[in-house]
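Student: coords please:
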Amino acid sequence: MKNIAFIGLGVMGYPMAGHLANAGLAVNVWNRSPEKASDWANEYAGEACTTIADAVSKADVVLTCVGADPDLRNVYLGSHGIIANAPKGAILVDHTTASAGIAEELYDAAANVDQEFLDAPVSGGQQGAENGQLTIMCGGHQNAYDRIRKTLSLYAKALNLMGPAGSGQKTKMVNQIAVAGLVQGLSEAIHFAEEADLDVSKVIDVISKGAAQSWQMENRSATMIAGEFDHGFAVDWMRKDLAICLEEARRNGAKLPVAALVDQFYGDVQDMGGRRWDTSSLVQRLRKR
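Tutor: Numbering: from 1, shown residues only. A predicted model of the protein is given here:
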């Protein structure tokens with residue numbers, strides 16, 4: 001897997017594509033904003049392309065990291081898109097957090113022209129992308145996963161095949177449901193400690209050694225206490241993800257009362273002007289009230 005095309009150079013895709021170039025792979029990039037692709041090509045050993053067709057025409061692997069379902073249809077489908085212009089036998093891997101339905105749709109469209117598609121959403125945020133420490137949850141064929149695993153490991157600390165097409169997206173939904181509850185619980189704990197006139201940092205230091213410990217506590221509690229919310233995954237993106245979770249729950253019958261409530265709380269944060277704050281900003285909602 002030496003010829004790579006990377007489509008979408010946002011806060012996640014930009015460093016992910018960089019890890020591939022740094023590993024010596026031939027990387028072509030395309031971004032909706034051409035200047036971002038030019039900036040990337042000036043920083044890394046790779047080529048900025050002006051069209052998707054140019055980027056993917058000789059690619060063994062096409063990787064995408066865009067916004068949502070409509071963006072995926074736009075870059076994958078149609079005469080200008082990835083599927084129509086990538087070679088037969090190419091492996092298409094999507095890192096966008098999107099619906100399971102779009103993953104299944106793109107899997108079928110790729111199969112019709114002898115391409116493989118994997119839905120492979122990631123967890124770890126901007127920091128994980130920059131450090132090459134992402135967790136990747138894949139859905140698709142075992143054979144395609146086996147062929148692409150070494151390439152994905154260049155920016156992953158953990159990756160696994162979760163099942164057929166759509167399974168990666170469903171696993172990411174599980175992740176986001178768990179994160180929403182954890183961040184709300186930590187926010188309430190910090191808020192309670194503040195209102196109780198405790199030394200909040202000392203409280204966290206003690207309880208982080210026991211059953212309350214979590215990644216969120218270890219990595220976000222100090223900045224939550226300080227009221228700093230510029231550490232990655234934005235509230236707008238979390239609301240997009242939770243909307244996907246809640247829609248899938250309506251389809252499969254799962255009950256998500258806490259996730260639905262936390263989604264509303266993130267709406268409050270947006271109303272406070274925190275659309276681009278990171279997800280730990282739930283605590284600020286409690287302080288405001």
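
Student: from here on, contacts and neighbour counts on C-alpha atoms
Tutor: OK.

Student: how far off centre is the longest strand anywhere in the chain?
Tutor: Of all the segments assigned as strand in the chain under DSSP state E, the longest by residue count is strand 156-163. Averaging C-alpha positions (CA atoms, centre = their mean, to the nearest Å) puts strand 156-163 13 Å from its chain's average.

Student: where are the low-confidence patches of the stretch 101-250 of the chain?
Tutor: For the stretch 101-250 of the chain, no stretch is flagged by pLDDT under 70.

Student: can you give me the helices for it?
Tutor: In the stretch 101-250 of the chain, the segments counted as helices under DSSP state H, counting those that start in this stretch are 125-131, 142-152, 167-195, 200-207, 215-226, 235-252.

Student: between those helices, which one is nearest to residue 2?
Tutor: Closest approach to residue 2 among the helices of the stretch 101-250 of the chain (CA to CA): helix 142-152, 9.1 Å.

Student: the closest one: which residues count as buried?
Tutor: Residues of helix 142-152 classed as buried: 144-145, 148, 151-152 (neighbour count, 16 or more other CA atoms under 10 Å).

Student: please convert these to CSV, extending it with distance to residue 166.
Tutor: As requested, the buried residues of helix 142-152 are exported to CSV (distance: CA to CA, whole Å):
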residue, distance to residue 166
144, 14
145, 14
148, 17
151, 21
152, 18
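
Student: now residue 79: closest residue in space, sequence neighbours ignored.
Tutor: Sequence neighbours aside, residue 85 is the residue nearest to residue 79 in space, at 7.7 Å (criterion: CA to CA, 6 or more residues apart in numbering).

Student: who's in contact with that neighbour?
Tutor: 53, 56-57, 79 (CA atoms under 8 Å, 6 or more residues apart in numbering).

Student: how about 10 Å then?
Tutor: 52-59, 76-79 (CA atoms under 10 Å, 6 or more residues apart in numbering).

Student: among these, who's most crowded?
Tutor: Compared across the contacts of residue 85, residue 56 has the highest neighbour count, 30 neighbours, by other CA atoms under 10 Å.

Student: so for this structure, the centremost residue is which one?
Tutor: Nearest to the mean C-alpha position of the chain, by CA atoms, centre = their mean, lies residue 122 at 4.4 Å.

Student: ok, that one to residue 203 distance?
Tutor: 32 Å (CA to CA, to the nearest Å).

Student: nearest to residue 138 among the buried residues of helix 142-152?
Tutor: residue 145 (7.8 Å).

Student: pull the distance from stretch 35-44 to the chain's centre.
Tutor: 21 Å.

Student: tabulate the helices of the stretch 101-250 of the chain (TSV), appending distance to residue 111.
Tutor: As requested, those are arranged in TSV below (distance: least, CA to CA, whole Å):
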stretch	distance to residue 111
helix 125-131	29
helix 142-152	12
helix 167-195	17
helix 200-207	51
helix 215-226	38
helix 235-252	24
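
Student: how is this protein partitioned into domains?
Tutor: Using automatic domain parsing, the domain parsing of the chain gives 3-163, 170-288.

Student: looking at these, which is buried most?
Tutor: Mean neighbour count (mean count of other CA atoms under 10 Å) peaks for domain 3-163 among the domains of the chain, with a mean of 20.

Student: quick one: end-to-end length of that one, please.
Tutor: OK, domain 3-163 end separation, CA to CA: 26 Å.

Student: who's sitting farthest from the centroid in this protein?
Tutor: Farthest-from-centroid check, the chain (CA atoms, centre = their mean): residue 197, 37.3 Å.
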